[in-house]
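1. My questions are about this predicted structure, shown below with the sequence.
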Amino acid sequence: MTRSGSRTICFHQISWSFMVASVAALVLGTGQPAGAQTATWTGAAGNNLWHEPANWILDITGLPDLPGPGTNVVIGPGAAVLYSRASGADLIGPLNLGGLLTIASPGLWIDGLATAGLALDAGGLLQIQAGGVVVVTNAGTLNFNTDSALSLENGALILTNHLPEVAVLNAGVNGNNNGVGITNRGGRFVAELPVRLRGRYSRFIQQDGILELRAGGGIFEGSNDQERPWLIAGGEAFLGDFGISRTTPGGGLVLSNGVVTVTSLRVGTYNSRAYATVYGGTLTNTGVFTIGDRTNGATSGDRRIRFRMYGGLVVSTYPDGIVIANQSNAGVAGDSVIGAGLELAGGQLFAEKLTLIRDTTLENAHATLALSNNGVLWLGSGGLQANVGVANTSYRVWFAGGTLGALADHDINADVSLVGENATFATADPAGQPHTVTVSGAIVGGGSLVKTGAGTLVLNGPATYTGRTYIRAGSLKPVHPDALANTPSIELAAGAELDLTASTGFIWSGPRSITGLGAVQGTLTVQQGGVLAPGLANQGGPLRIRGGLILGENAICQIDLPADPAAAEADRLEVEGDLTLSGPVTLFLSGGGGPGSVHPLIRYTGNLVGDTSLIQLSGLMGMLSNNVTTARGLYLVITQAVRAPTELAWIGHPQDNVWDTLGRTNWLNLTTQQPDQFVPGDVVWFDDRGVAAAAVQLPDWVQPAKVLVNATQDYRLTGPGGIAGATDLVKSNSGRLTLETTNTYTGITRIAGGVLETPLLAPGGMPSGIGAATADPANLRFSGGTLRYTGSSVTLDRGATLEEPGGGLDVALPDTVLTLSGLWTGPGSLTKTGPGTLTLPVANSLAGPVIVAGGTLRLTVPGAAGTNRIELAGGTLWLTLPSDNDLLNPIHVAAPSQLRSGTLNNRINGAVSGEHTLNVSIPAGTVLTFNGDLTNFTGTFHLGDSAGTFRFNSGGGNTTLGCPNATIDLGTGTAILQARNAGTMFVGALRGGPSTQVLGQGSGSGTLTWVIGSSSREPDSTFEGTIADATASRVAALTKVGSGTLRLTGNNTYSGPTIIESGTLQVDGSLGPTAVTVTGGTLAGSGLLNGSVDVQGGGTLAPGPGIATLTIANVLGLWPGSVTELEVDAATGASDQIVGLWAVTFGGTLRIVKTQGTFTAGQRFKLFDAPGTYYGAFDAIEPSTPGPGLAWDTSQLTVDGTLGVVPGEAQPQIQWIRQPGGLQLTWTGDYRLQVQTNSLQVGLGTNWVDYPGTPSGSVWVPLDPAAPAVFFRLVKP
């Protein structure tokens, strides 16, 4: 029995009396001897009833009969059998099920005979209905093969009394297969042998009922990541010792409802990914709980291990709690490959202890704790311990929300990163019992920290985070000198406490604020822009300092006074001790009563040290009074009422261009239309009315309600002061606003037009040019304008919202890197301009396009650029994602741009389009893979001096077939073009320098065919590099297509076939053993071909261009229909030559192209060199003669490969004599006369016949005036 929370789960030993009576004689280990008979289902009775003897046949007797004890039972594919009986039981031997067996009643007992007692073959389905029971006993290993299924419909399957340390249930088979399906819809599944789920698509689904794995089990797939879950969606499950080997994020153990108990849980026991996910329900683990428990993590790909919670309850009662990364890995890899992690985004997890990296002896291990949203982690006295191993270990603890709660006093011995709002430390247990939590590590990051619970949070480490601090209950106690050094504000709820008693010399400085209704314990020193502001936004009241208050140089107090000085919730400072004034102090005051009203500002119980003349009042007109009687304190006596806030427009002053409070009248009151002074809370406009005085000086802090900049001209705000308060700032219209002040306002900054320029940016909550609002994306909004940053490199956690139509970020200096780790979201576009670098290190939810028009956009994680396209419009996209990660965005190349790869292998999965050049830089040893559609890219991938690999496809299938309309220029370095898989890859045009390579596939074995030349924009190209096989079993091949010329000048060694379908392949370098077939284009060049060459009908062989020698160190076949085109210089006797041949077979047409001169008899041209191995003859020679009176001499082509010119025969001399009734025709030479008769005016090309009596040199031809036209010709015999 195990107990989880208040719910009790009982797992009972099961017995059925009907079975006990029927099988009382069954003893474990007994069984039938080898060679027992087999009963095979035939269904001959015509029904589906198990208990009909005619449906079975026994192999030994050959007779129909029911299977009995020890009988092997076979139900083959296609069979459908119903087991149903009123009483009693059936004892049988091992069952092989390939069809459907429905169990509708108790009684089927299977004796495994120490073998595989129950085997589900492919197509086998065991369906146990309500009331049905199957017991399998005395078995060895049970196998449920792929494409089989088990379904429990309120029935029961009991696997009991099996061979110890031998028996196991293999539910599925390792590998890429359909797997097995097990479903429990209210039944009971009891297994006293380990149950191991195997196969890529195997699944276990429990919707209700009871599952008891008394010998444990889990997911044991060893070949492919299992993609289907072991899902508990209801009922009760006892999983025993449960392990998870390798799964996808959608697989693994999934709990959505129900109650689960395990005696140990090990997530990630093999070399790949592994996941367990809790959405609801309750999981109790009473033993070892490890996340990442393997030694053989691979060194590439995504092999991370995760335990994820989005809801539900998980309780670990084991004293050692949970260990993330429990063993060393043999391979060296980073967190993105082999890291293990606990991710809590919802639900509650209770554990006595949490350890990241088991101990300091580990190596090659990485651990992560990620707490976010509504996730709650409760830790006992073991606390949180992070270790660093001997080599290549790391851990991360990051809070993006969520709560870390205390079940007991404990320590946090780890560095913590706050990356989001409201990361909560609860120093009390769920019942409210207070505890002390001591953080010894650093707390860093830009997120906010929320302290809840009545206990104490002690900061022993350097808590230098830059987000806000909220003390909602209990005490926050900084001890380390750097604790709270960078938080921009501390807000204390009523009853909460900031305990400074253990902090030596705590000084609150910079434009940072302490606000609220709680108390500061110990002496507090405020100076250099530090702010004390009693009260909250929606509640007034005192802020207490218990131990003395020192207001040093440039300290600020902000106090909002009620109209009634006696109001109980009046804002004020209550100092239990001395009040010391040691420098100029400013009191920013607002509200208040009428003239003569007296308001307490700062009360103190000790003494006033210093002079009140050091205090400057701002915001209200009055007199400061120091009461030294029993009601000691500083009071304000209001002498003059200040008008209510209104709207003002800046008009400035020619000599005194200052924006101050209740001072200069440099404003136009838009209500009275008269000059006026600024009052806190005014809405102020900077528009074209004041552009003559556009250089505005702020000597001190001002607190407007809103700043609206709507000008077509430029404004500049400078000075030691700045804009403070809960102000919103809106920049619109086409002008530029330059903010050189360090502003602390906390409202929204909206850039709706033109440019907002500043040299000062800082994390959320910190003063900057755009204020000190939190990092929430709602606080920085773009709706048409640009933020221009002119400062040095900085990292910000500020988010932003891009409304339609979007906005721009201009990083103005080339060496500046602006890193934005906050969330950027919204439907608008983001345009990067300026020569500097913008780095996005977190996933963003941008829905509009990201446009890179200048400088560099660096993406360090997938999803950093949102979900829309990335448009390269002249800038650089720099990918430095973790190893083997994907950029999913489509890329459009709108102008010549750059794509830069980091040193880790990344993949671009989105489509690429555009017509411009994309300059790609890939470092040595790095693979940049394109998986998306590239057919709409018609520009050039230009790799410059790259030394890495440009690859198509990363997975087992070809998601892209190359870039048939683009050019790949491998550049001048040592870049490689490759595809992962065998198949066909298309390249529009290919270029590259002498040290570049095009290789066969990078994985598996087979042939990768490169089809090159289909670009219409660049039909001609030259490749100077090498085309080669990747290995002996990863072969490269080449097919030339398109109308242009591909010129190869390098020494190519690939062995796959070369096919020339169209255009010209000009080989001026060399080809290796590849067999060349010319089917429709031209083989040209002056290089060396080491493979055979076949020029088929429609193909052309033409060395050159120009007079050239082409070497074929193999056989050459010139087949009918082919053309061999050779250039000949009749003036010099030079000619194209094809040499080095082992043999040549002539055929087709020999086309002789004369380059210059005149042929003369006796000339002979060497065309082919294949000594003694010439075969065949050309079907024709073009032109048919070398010239008048000359003829081609082909007699030596098959002797020495030469073609000669000889004198041609003289033209026949024809004489005719007209005689009565006919013509006497006489001719010279060895010719015969042919005749053709038709009615046309010219002869036909066919239908010629020899005239009778020829060849005799003379013939009489009678004339018939009635006959149609008659034609004659002389032909050679």
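-> Looks like it arrived, so ask away. Numbering: from 1, shown residues only.
2. contacts for stretch 293-301?
-> Contacts to stretch 293-301, defined as C-beta atoms under 8 Å, 6 or more residues apart in numbering, come from residues 266-272, 303, 305, 326-333, 337-338, 364, 883-884, 905. Where you see a C-beta, it was placed from the backbone N, CA and C, and this is true even at glycine.
3. Out of these, which sit inside helices?
-> Among the contacts of stretch 293-301, DSSP state H puts 337, 338 in helices.
4. Type out the ChimeraX command that picks the buried ones from the contacts of stretch 293-301.
-> Buried residues within those, by 16 or more other C-beta atoms under 10 Å, are selected in ChimeraX with:
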select :266,267,268,269,270,271,272,303,305,326,327,328,329,331,333,337,338,364,883,884,905
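5. so of the contacts of stretch 293-301, which ones are in strands?
-> 266, 267, 305, 364 (DSSP state E).
6. just for the protein, where's the confidence low?
-> Where the chain drops to pLDDT under 70, the residues are 1-35, 297-298, 956, 1210, 1237-1246, 1253-1256, 1267-1268, 1277.
7. Kindly recompute the last result at 50.
-> Where the chain drops to pLDDT under 50, the residues are 1-35.
8. can I see the domain layout of it?
-> Domain segmentation of the chain under automatic domain parsing yields 268-414, 643-772, 911-1056, 1075-1202, 1214-1275.
9. and of the ones you listed, who's closest to residue 66?
-> Nearest to residue 66, of all the domains of the chain, is domain 268-414, at 44.2 Å by C-beta to C-beta.
10. ok, which stretches of this structure are helices?
-> For the chain, the helices defined by DSSP H cover 17-22, 335-338, 1197-1200.
11. I figured residue 632 was touching residue 600, is that so?
-> No. Checked against C-beta atoms under 8 Å, the pair residue 632 and residue 600 is beyond contact range at 10.1 Å.
12. Looking only at neighbour counts, state which of these two leads.
-> Taking other C-beta atoms under 10 Å, residue 632 and residue 600 do not tie; residue 600 has more neighbours (21 against 17).
13. what's stretch 1094-1102 in contact with?
-> Residues contacting stretch 1094-1102 (C-beta under 8 Å, 6+ apart): 1060, 1064, 1075-1084, 1093, 1116-1126, 1136, 1138, 1148.
14. If we use 7 Å, what do you get?
-> Outside stretch 1094-1102, the residues that touch it by C-beta atoms under 7 Å, 6 or more residues apart in numbering are 1060, 1077-1084, 1117-1125.
15. Looking at these, which are in strands?
-> Here DSSP E is the test, and the contacts of stretch 1094-1102 give 1060, 1077, 1078, 1082, 1083, 1084, 1117, 1118, 1123, 1124, 1125 as lying in strands.
16. Residue 288: which of those is nearest?
-> Distances from residue 288 to the ones in strands among the contacts of stretch 1094-1102, taken as C-beta to C-beta, are shortest for residue 1077 (64.5 Å).
17. Which residues are in contact with that closest one?
-> Listed by C-beta under 7 Å, 6+ apart, the contact partners of residue 1077 are 1057, 1059, 1094, 1096.
18. Then residue 1190?
-> Going by C-beta under 7 Å, 6+ apart, residue 1190 touches 1159, 1161, 1205, 1207, 1208.
19. Okay, the spatially closest residue to the last one that is not a sequence neighbour and residue 1207: tell me how far apart.
-> Of all residues not flanking residue 1208 in the chain, residue 1191 sits nearest, at 4.2 Å (C-beta to C-beta, 6 or more residues apart in numbering). Going from residue 1191 to residue 1207 by C-beta to C-beta, to the nearest Å gives 7 Å.
20. Pick out whichever of the two has more residues nearby.
-> Taking other C-beta under 10 Å, residue 1191 and residue 1207 do not tie; residue 1191 has more neighbours (16 against 12).
21. Tabulate the ones in strands among the contacts of stretch 1094-1102 in CSV, adding columns for distance to residue 521.
-> Shown next, in CSV, are those (distance: C-beta to C-beta, whole Å):
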residue, distance to residue 521
1060, 88
1077, 90
1078, 92
1082, 92
1083, 91
1084, 91
1117, 99
1118, 101
1123, 100
1124, 101
1125, 99
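22. Closest one to residue 156 out of these, please.
-> residue 1077 (67.8 Å).
23. surely residue 81 meets residue 50?
-> Yes. If you go by C-beta atoms under 7 Å, residue 81 and residue 50 touch, sitting 5.6 Å apart.
24. Give me the nearest residue to residue 455, chain neighbours excluded.
-> Nearest-residue entry for residue 455: residue 427, 3.1 Å, with adjacent residues in sequence omitted and distances by C-beta to C-beta, 6+ apart.
25. my guess is the one you found meets residue 472, correct?
-> No. The pair residue 427 / residue 472 is not scored as a contact, 10.7 Å apart, by C-beta under 7 Å.
26. ok, the two, which is more surrounded?
-> A direct count of neighbours by other C-beta under 10 Å for residue 427 and residue 472 places residue 427 higher, at 24 against 18.
27. distance of that one from residue 725?
-> Distance from residue 427 to residue 725, counting by C-beta to C-beta: 33 Å.
28. ok, now residue 438?
-> Residue 438 sits 37 Å away from residue 725, going by C-beta to C-beta.
29. Residue 648 now?
-> 15 Å.
30. same question, residue 874
-> From residue 874 over to residue 725 the distance is 41 Å, taken as C-beta to C-beta.
31. Which of those two has more residues huddled nearby?
-> Between residue 874 and residue 725, residue 725 has the larger neighbour count (other C-beta under 10 Å), namely 21 against 16.
32. how close does the more buried one get to residue 739?
-> The value you get for residue 725 to residue 739, if C-beta to C-beta is used, is 15 Å.
33. Near the residue lying closest to residue 81 once chain neighbours are set aside, how many other residues are there?
-> Ranked by C-beta to C-beta, 6+ apart and with sequence neighbours excluded, the top spatial neighbour of residue 81 is residue 101, at 4.9 Å. Look at residue 101: counted by other C-beta under 10 Å, it has 25 neighbours.
34. Residue 217 contacts residue 195, doesn't it?
-> Yes. Counting by C-beta under 7 Å, residue 195 is a contact partner of residue 217 at 3.6 Å.
35. Tell me which of these two has more neighbours.
-> residue 195 (27 against 23).
36. Next, the contact list for the more buried one, please.
-> 169, 171, 213, 217.
37. Likewise for residue 1025?
-> 970, 992, 993, 994, 995, 996, 997, 998, 1050.
38. Quickly list what the residue lying closest to residue 1045 once chain neighbours are set aside is bridged to.
-> Closest residue in space to residue 1045, ignoring its immediate chain neighbours: residue 1064 at 4.2 Å, by C-beta to C-beta, 6+ apart. Per DSSP bridges, the residues bridged to residue 1064 are residue 1045, residue 1082.
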